[in-house]
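Colleague: Below are the sequence and a predicted model; questions follow.
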Amino acid sequence: MNVEMTVSTAVADLALGGAFTFDALFDAVRQRRQRKLRVVELAELGDHDGICAVWLTTDTEDLILHAHSDSVLHRQQFVLHEFAHMILGHCDGDECSEVDALLPDIPPHTRGRLLRRQDLDTDTEIAAESLADRLAAGIRGSAFAESRYSEIFA
């Protein structure tokens, strides 16, 4: 897998340009997947679990549960990583078969992908984290553009 090409193609396919808001990205992901999308902080997730965020799917919606962090940027990165998995289609079709084996008693339509961001040794996780970083850069670019940062400090 050529991660850079995969990520660049995914960013281009979103058609958001080089700078965009989190809300614009949220809407693009929701429209692309043609389903309801919710993002919820779940205080029970945390470092003790080793889970930063969980992407759950049902027949009609995607749900991202993320851990609390005192840093807004850190929380945003949790969510962007899950968005990246969605954008890259990592849980479409048979891609989540490992979840089937881990959670056999949970009906297939409620299974999600439990993603541990620290396990970055697979192509899937590397691509998702790389895309999440690119998405964060686009959001930062929008914030700088809106604040005229580059005009004032350049």
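Modeller: Perfect, I can see it now.
Colleague: CA only for contacts and neighbour counts going forward, please
Modeller: Fine.
Colleague: In a strand, residue 139, correct?
Modeller: No. Per DSSP: H, G, I helix; E, B strand; the rest coil, residue 139 lies outside any strand segment and is helix.
Colleague: pLDDT at it, what is it?
Modeller: Looking at residue 139, its pLDDT stands at 94.
Colleague: surely residue 79 meets residue 67?
Modeller: No. Using CA atoms under 8 Å, residue 79 makes no contact with residue 67, being 9.6 Å away.
Colleague: between the two, which one's more packed in?
Modeller: Legend: neighbour count by other CA atoms under 10 Å for residue 79 and residue 67, higher for residue 79 (24 against 21).
Colleague: for that one, what are its contacts?
Modeller: Contact partners of residue 79, counting by CA atoms under 8 Å, 6 or more residues apart in numbering, are 39, 53, 64, 66.
Colleague: any idea how far it lies from residue 140?
Modeller: Residue 79 sits 15 Å away from residue 140, going by CA to CA, to the nearest Å.
Colleague: same check, this time on residue 15
Modeller: Per CA to CA, residue 15 is found 17 Å from residue 140.
Colleague: repeat for residue 88
Modeller: Distance, residue 88 to residue 140, using CA to CA: 21 Å.
Colleague: Between these two, point out the one with more neighbours.
Modeller: Between residue 88 and residue 140, residue 88 has the larger neighbour count (other CA under 10 Å), namely 19 against 16.
Colleague: So what does that one look like in phi/psi?
Modeller: Main-chain dihedrals, residue 88, degrees, to the nearest 10: phi -80, psi 0.
Colleague: My read is that it contacts residue 128, right?
Modeller: Yes. Assessed by CA under 8 Å, residue 88 is found in contact with residue 128 at 7.5 Å.
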